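J.: Below: sequence and its predicted model.
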Amino acid sequence: MSPRVIIYTDGSALGNPGPGGYGVVLLAPPNHRKEISEGFRLTTNNRMELMAVCVGLEALKVPCDVTIYSDSKYVVDAVEKGWLRSWVAKRFKDKKNPDLWIRYLKAAERHNVSFVWVKGHANNIENERCDRMAVAAANGTSLAEDTGYSPEECVR
């Protein structure tokens with residue numbers, strides 16, 4: 001039986017595009033907890049939402065049954081409603097963030113992943129924690145470069 005893991009994620013961009021960050025909380029019963037965050041100089045909110053999911057899955061050392069809680073309709077609906085499958089079939093033609101979607105697919109392939117959408121800023125303790133971490137990361141002083149971000153994508 002695979003270990004069960006719960007991952008909460010959130011992304012933030014101060015301006016869209018602008019400085020951004022993500023926050024991830026990983027929970028594995030009975031009492032394992034890990035928090036991850038990082039900030040970027042120039043990115044978008046959707047990129048940070050998706051990057052948080054990728055980083056959370058990549059942090060898992062063994063195949064797991066994973067439930068991801070996210071307030072991003074973009075991410076949750078793309079996977080749960082099957083949009084991602086059609087994007088892959090069309091080789092992401094005219095779709096944003098193909099680098100991160102490919103990264104997600106690679107990270108998810110060894111796990112049994114399901115998503116749950118949660119309303120943002122609705123007093124969900126772990127979602128609120130991820131939000132605070134994402135905003136703090138975006139406000140950080142030594143921000144990384146989001147090498148996959150392309151300003152041209154924003155005008156498509």
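T.: Structure's in. What do you need?
J.: low pLDDT regions in this structure?
T.: Applying pLDDT under 70 to the chain flags the ranges 152-156.
J.: residue ranges of the strands in it, please?
T.: Assigned by DSSP state E, the chain shows strands spanning 4-13, 18-28, 32-43, 65-70, 112-117.
J.: and among those strands, the most buried is which?
T.: Greatest average neighbour count among the strands of the chain goes to strand 4-13 (a mean of 25), per mean count of other Cβ atoms under 10 Å. To be clear about C-beta, it is placed using only N, CA and C from the backbone, and glycine gets the same treatment.
J.: pretty sure Ala52 is touching Gly21, no?
T.: No - the criterion here is Cβ atoms under 8 Å, and Ala52 misses it with Gly21 at 9.0 Å.
J.: which neighbours do the two share?
T.: Residues touching both Ala52 and Gly21 by Cβ atoms under 8 Å, 6 or more residues apart in numbering: 11, 134.
J.: Take the strands of the chain and lay them out in a markdown table including distance to Met133.
T.: Formatted as a markdown table, those follow (distance: least, Cβ to Cβ, whole Å):
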| stretch | distance to Met133 |
| --- | --- |
| strand 4-13 | 8 |
| strand 18-28 | 3 |
| strand 32-43 | 4 |
| strand 65-70 | 14 |
| strand 112-117 | 19 |
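J.: Quick one, which of those strands gets closest to Ala78.
T.: The closest of the strands of the chain to Ala78 is strand 112-117. By Cβ to Cβ, the value is 9.3 Å.
J.: Each with direction, which strands does the closest one pair with?
T.: strand 65-70 (parallel) (DSSP bridges).
J.: Nice, that's everything, thank you.
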